[in-house]
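Q: Next comes the sequence, and after it the predicted model I'd like to discuss.
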Amino acid sequence: MSYFTYILRCSDDSFYTGSTNDIEKRLHEHNNLKSWAHYTKIRRPVELVYHEVFETMSEARKREYVIKQLTRKEKMILIEDCET
């Protein structure tokens with residue numbers, strides 16, 4: 001099984017970072033469920049703009065923490081670097 005750390009771009013151009021073991025399901029939840037992540041619920045639609053794959057959830061959560069400490073500019077550079 002793979003685990004993911006991901007960044008979403010919200011409709012207000014803000015970023016949301018999370019981790020999951022099913023990235024497609026989680027993206028659907030962010031865009032459609034009435035419960036769960038309040039931050040994205042009020043900023044729909046959201047778009048997956050970045051992800052990394054890990055072997056364990058522990059690794060994914062540690063990376064999530066690191067990304068959440070980045071500035072907006074640093075996150076934008078990370079996203080742009082993966083698009084090239």
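A: Perfect, thanks for sending it.

Q: what about the helices in the protein?
A: 23-32, 38-41, 57-69, 72-83 (DSSP state H).

Q: For Met1, find the nearest of these.
A: Checking the helices of the chain against Met1 by Cβ to Cβ gives helix 57-69 as the closest, at 9.1 Å. Heads up, the C-betas are built off the backbone N, CA and C, glycines and all.

Q: Report the buried residues of that closest one.
A: For helix 57-69, the neighbour count (16 or more other Cβ atoms under 10 Å) marks Met57, Ala60, Arg63, Glu64, Ile67 as buried.

Q: ok, and what's touching that helix?
A: With contacts defined as Cβ atoms under 8 Å, 6 or more residues apart in numbering, helix 57-69 is touched by 3-5, 7, 17-21, 52, 54, 75, 78.

Q: Can I get those in a markdown table including pLDDT?
A: Converted to a markdown table, the contacts of helix 57-69 look like this (pLDDT from 0 to 100):
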| residue | pLDDT |
| --- | --- |
| Tyr3 | 98 |
| Phe4 | 98 |
| Thr5 | 98 |
| Ile7 | 98 |
| Thr17 | 98 |
| Gly18 | 97 |
| Ser19 | 98 |
| Thr20 | 98 |
| Asn21 | 98 |
| Glu52 | 98 |
| Phe54 | 98 |
| Lys75 | 98 |
| Leu78 | 97 |
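
Q: what's the closest of these to His28?
A: Closest to His28, out of all of the contacts of helix 57-69 and judged by Cβ to Cβ, is Thr20, at 11.0 Å.

Q: got the phi/psi numbers for the nearest residue to Asp12 once chain neighbours are set aside?
A: In space, and not counting its chain neighbours, Asp12 is closest to Arg43: 5.2 Å by Cβ to Cβ, 6 or more residues apart in numbering. Main-chain torsions, Arg43, degrees, to the nearest 10: phi -130, psi 30.

Q: Got the confidence number for Arg43?
A: The pLDDT attached to Arg43 in the predicted structure is 96.

Q: With Thr84 instead?
A: At Thr84, the pLDDT value in this model is 54.

Q: related to what we said a few turns ago, tell me which of the helices of the chain lies nearest to Ser11.
A: helix 38-41 (9.3 Å).

Q: Any idea how many residues pack against the closest residue in space to Ile23 that isn't next to it in sequence?
A: Nearest residue to Ile23, sequence neighbours excluded (Cβ to Cβ, 6+ apart): Phe4, at 4.6 Å. Residues lying near Phe4 (other Cβ atoms under 10 Å) number 21.
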